[in-house]
Every structure is written in structure tokens, then in C-alpha cells.
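> Take a look and give me a structure for this.
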Amino acid sequence: MTALALNIIFTVFFFHTIRLAQTRGRNVMVVGVVNYFVASPVCFAISYSTGVTDLSTPTLFWGFVQGICFIVTYYLLCSSMNVSGMAITTAILRLAVVIPVIASILIWDEIPTTLQVVGIVTCLGALPLIGLRTKAREGEARPPITVGVIVVIVLLFVGIGIANLASKAFVESGVPDVNTTFVGVLFGVAGLAGLLAFLDPAWRQDLSGVADGVRLGLINVASITFQVMALEQVDGIIAFPVQAAGGMTLNTLWAAWIWGERFAGKTIVGMAIAVVGLVLINLA
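Numbers count the residues shown, from 1 in each chain. Now for the predicted structure:
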């Protein structure tokens with residue numbers, strides 16, 4: 001579980017770095033693209049140091065799928081954070097765990113124990129309690145929740161779900177490629193796809209955020225590498241719910257502490273239920 005715990009911690013740092021760049025007025029697409037172009041060669045360098053540099057078809061295919069999902073959901077993530085806040089947005093991301101969990105059961109025959117089923121259902125049942133937004137601070141007016149916002153949230157949910165499924169599919173393919181090669185491919189694809197955003201003159205008016213992108217890239221390498229390692233050590237039906245509930249709880253606490261986000265009572269209840277689910281999963 002060590003790799004999974006480290007993945008959760010670095011993922012919190014990832015979201016915090018994006019939010020920090022937003023509040024400082026940086027160009028979030030510059031931050032994102034630089035992040036991927038830093039992360040990709042770092043991962044390939046790590047692979048080269050191991051002496052394993054194979055690029056099999058599953059690595060290229062699933063890396064491409066996850067890379068496209070990453071750049072699309074990155075943009076959606078930045079958009080939704082402005083409306084919902086960091087904790088609520090990242091918790092909605094965690095709800096996408098249902099996609100790879102169901103796939104792990106239906107495709108890879110990972111059958112959970114009764115106690116694990118209870119824990120998984122408890123974790124998933126806790127996530128919808130978070131709602132779509134934080135409580136407004138006194139005197140603060142938040143943008144309304146529109147149909148467009150809901151569409152962004154749904155696309156974010158589906159995109160992250162498919163991205164997680166791609167990681168699981170790569171692990172299950174059993175190819176000899178090391179994890180960092182796969183991660184290097186997906187980051188490279190995401191970076192190249194992200195360059196398309198700059199065809200729009202609006203994104204070229206402000207090119208700030210390079211330093212933030214470098215920091216984000218190094219954090220990203222650690223986060224996704226630990227995720228792939230965790231999937232090699234723990235079944236997807238366990239890893240994904242733990243990642244979802246644990247990440248949601250830690251992100252919420254971080255957002256309350258660092259960003260001063262306030263939450264409705266049901267959000268706090270959801271956190272408590274998620275912790276119970278985590279305990280049940282790990283007791284099995």
C-alpha cells in the first residue's frame with residue numbers, strides 16, 4: 001500500500017500546484033503543457049537508466065489514450081476549479097473510480113470479498129454527498145451552477161475514468177516495458193496535444209507559468225509512477241476505491257486548511273463515511 005499512499009499524497013500536491021498557479025494569474029495552458037514536456041523526458045531518462053527501453057504496442061496505444069484524456073481533463077479541471085473550488089472538483093474526479101472498478105470486475109475477473117464489497121460501496125456512496133460546490137464565504141458571490149458546468153463535470157468524470165482504465169489495461173497487458181516508459185509516452189502525447197490550444201490567439205497573449213509547469217511536471221512524474229506501481233501491487237477493485245476515498249479526504253482537508261474552503265454538513269458526513277469504507281477495504 002506504500003505506493004498507493006504516495007500516489008495519493010503527490011496527487012494532492014498536483015492539484016494544489018494547479019490551484020496556486022490559477023490564483024497567481026498564470027496561463028494554465030502554459031503550466032499544463034510545460035508540465036507534460038518536463039515530465040515526459042524525465043520518465044524516459046529513468047527508463048533508459050534501467051536499461052529497458054522497449055516501446056510495445058500496448059504501451060503506445062494505452063499511453064496515447066491516457067495522454068489524450070489527461071490533456072482534455074486538465075483543461076476541464078482548471079475550468080471547474082474556478083466554480084467549484086479545489087476540494088469539490090477533485091472529489092468529483094474521485095467519483096470516476098466506478099469506471100475502472102467495474103472494468104476490473106467484468107474484464108479482469110477481480111472478485112472482491114464480502115467485506116471489500118461493503119467497503120467499496122461505502123466509499124462510492126460517500127462521494128456524491130460532496131455536492132458540486134463549496135459554501136460561499138461571507139460577502140462572496142460564486143458563479144451559478146449552469147448546464148455548462150454540469151456538462152464539464154460529467155466530461156471530467158468520464159475522462160478521468162477512462163484515463164484510470166488505461167493505466168489498468170497497460171498493467172494487465174503484461175508487456176516488459178517499465179512503468180516510466182508508459183508514463184513517458186502518455187505525458188508526451190498530452191504535451192503535444194496541449195500545443196494545439198495555442199492555435200487560439202487568446203492563449204498566446206500571456207505566456208506566464210513556465211516555472212509552475214516545471215514544478216507540476218516533477219510532481220506529476222511521482223504521482224502517476226506511484227499509481228502504476230500500486231496497480232502492479234494491489235488489485236484494481238481495491239486500489240481505485242482507496243485512491244478515491246483517501247484522495248478525496250486528504251484534498252478536502254488540504255483545501256480547508258490552505259485555501260480556506262468551507263463545506264456543507266453533507267460534505268463532512270461524506271468524508272467520515274469514506275474513512276469507514278477505507279477501513280473496511282483494508283481489513284479484508
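
> hey, which helix or strand in this structure has the poorest pLDDT?
Taking mean pLDDT, DSSP states H and E as the measure, the helix or strand of the chain with the lowest value is helix 86-95, at a mean of 71.

> Just give me how far that one sits from the chain centre.
Here helix 86-95 is found 9 Å from its chain centre; the criterion is CA atoms, centre = their mean, to the nearest Å.

> For F37, give me its contacts.
Shown in contact with F37 (CB atoms under 8 Å, 6 or more residues apart in numbering): F187, G188, G191, G213, G217. For glycine as for every other residue, the C-beta is placed from the backbone atoms N, C-alpha and C.

> of all these, which two lie farthest apart?
Greatest spacing in these, by CB to CB: G188 and G213 (14.8 Å).

> higher neighbour count, those two?
More neighbours surround G213 than the other of G188 and G213, with 25 against 20 (other CB atoms under 10 Å).

> Nearest residue to that one in space, please, no chain neighbours.
Spatially, and ignoring its direct neighbours in sequence, G213 is nearest to V34 (2.7 Å; CB to CB, 6 or more residues apart in numbering).

> quick check: mean pLDDT across whichever strand or helix holds that neighbour?
Per DSSP states H and E: V34 is located in helix 28-50. Averaging pLDDT along helix 28-50 yields 92.

> Check which residues of it are buried.
Neighbour counts over helix 28-50 (16 or more other CB atoms under 10 Å) mark 28-40, 42-44, 46-47 as buried.

> Which strands or helices does the least confident helix or strand of the chain pack on?
Secondary-structure packing of helix 86-95 (3 or more CB pairs under 8 Å, 6 or more residues apart in numbering; DSSP states H and E): helix 2-23, helix 57-84, helix 147-173, helix 236-258, helix 265-283.

> Run through the stretch 51-200 of the chain and note the low-pLDDT ranges.
82-88, 130-145 (pLDDT under 70).

> Buried deepest among the helices and strands packed on helix 86-95, which one?
When the helices and strands packed on helix 86-95 are scored by mean count of other CB atoms under 10 Å, the highest mean neighbour count falls to helix 236-258 (a mean of 23).

> coming back round to it: show me what the least confident helix or strand of the chain is in contact with.
Helix 86-95 is contacted by residues 15-16, 19, 73, 77, 80-81, 84, 124, 127-128, 130-134, 153, 156-157, 160, 243-245, 247-248, 251-252, 254-256, 259, 261, 263, 267, 270 when judged by CB under 8 Å, 6+ apart.

> Who are the contact partners of V121?
G277.

> hmm, I was thinking of D206
For D206, the contacting residues are N27, V30, by CB under 8 Å, 6+ apart.

> how close does it get to V31?
Using CB to CB, to the nearest Å, we find D206 at a distance of 11 Å from V31.

> Hmm, the residue nearest to G213 is touching R215, no?
No. With contact defined as CB atoms under 8 Å, V34 does not count as touching R215 (9.5 Å).

> Surely F226 forms part of a strand?
No. F226 is assigned helix when assessed by DSSP: H, G, I helix; E, B strand; the rest coil, not a strand.

> picking up where we left off before, looking at the helices and strands packed on helix 86-95, which is closest to P112?
That would be, of the helices and strands packed on helix 86-95 and by CB to CB, helix 236-258, which comes in at 5.0 Å.
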